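>>> Sequence plus predicted model, see below.
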Amino acid sequence: MHTEYRTKRKIEFADTDMAGIVHFSRFFVFMEAAEHEFLRSLGTSVATEWDGNKIGWPRLTASCEYLSPLRFEDEVDIRLWISKKGTKSLTYQFHFTHEGKDIARGQLITVCCIINPGKKMRAIPIPEFITSQIVTQ
């Protein structure tokens, strides 16, 4: 059972803005990348097949609170955990730190959906092969 996932990321020049700090939008990219790594660690993917259907995780909400800047070549520690496991949704929390200092906090709420080409997307209960591996905090 997984309660949290941790990863690191080196800040690249392309992540920064004119002021030389990480552009606010990049934190959403970092959260999504951490989510994808987490799902792969469970043996699945953000886009997988199950019961003859393609399953994906569209976002219902995404937010980020910025506490301190990051700069080019900083290494940021990213901690992800699931704070709520609904029947059809997962709520992820993110905590970004650099050298022990709080940098940002984020949240993603994702919904498990069948996404088949040419058909309307629809929310479904999260399959057991995923929920059985997740513990909320």
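It's in. Numbers count the residues shown, from 1 in each chain.
>>> give me phi/psi at the one residue sitting closest to the centre of the chain?
Centroid-nearest residue in the chain, with CA atoms, centre = their mean: residue 35, separated by 3.0 Å. The phi/psi pair for residue 35 (degrees, to the nearest 10) reads phi -60, psi -50.
>>> From residue 46, how far off is it?
7 Å (CB to CB, to the nearest Å). For every residue, glycine as well, the C-beta is placed using N, CA and C.
>>> shared neighbours, the two?
residue 57 (CB atoms under 8 Å, 6 or more residues apart in numbering).
>>> Let me see the ranges of the strands in this protein.
Counting by DSSP state E, the chain has these strands, from start to end: 4-10, 48-50, 53-56, 59-66, 75-85, 89-98, 101-111, 113-114, 122-123.
>>> could you measure the closest residue to residue 68 other than its chain neighbours against residue 79, distance?
Spatially, and ignoring its direct neighbours in sequence, residue 68 is nearest to residue 103 (5.2 Å; CB to CB, 6 or more residues apart in numbering). Going from residue 103 to residue 79 by CB to CB gives 11 Å.
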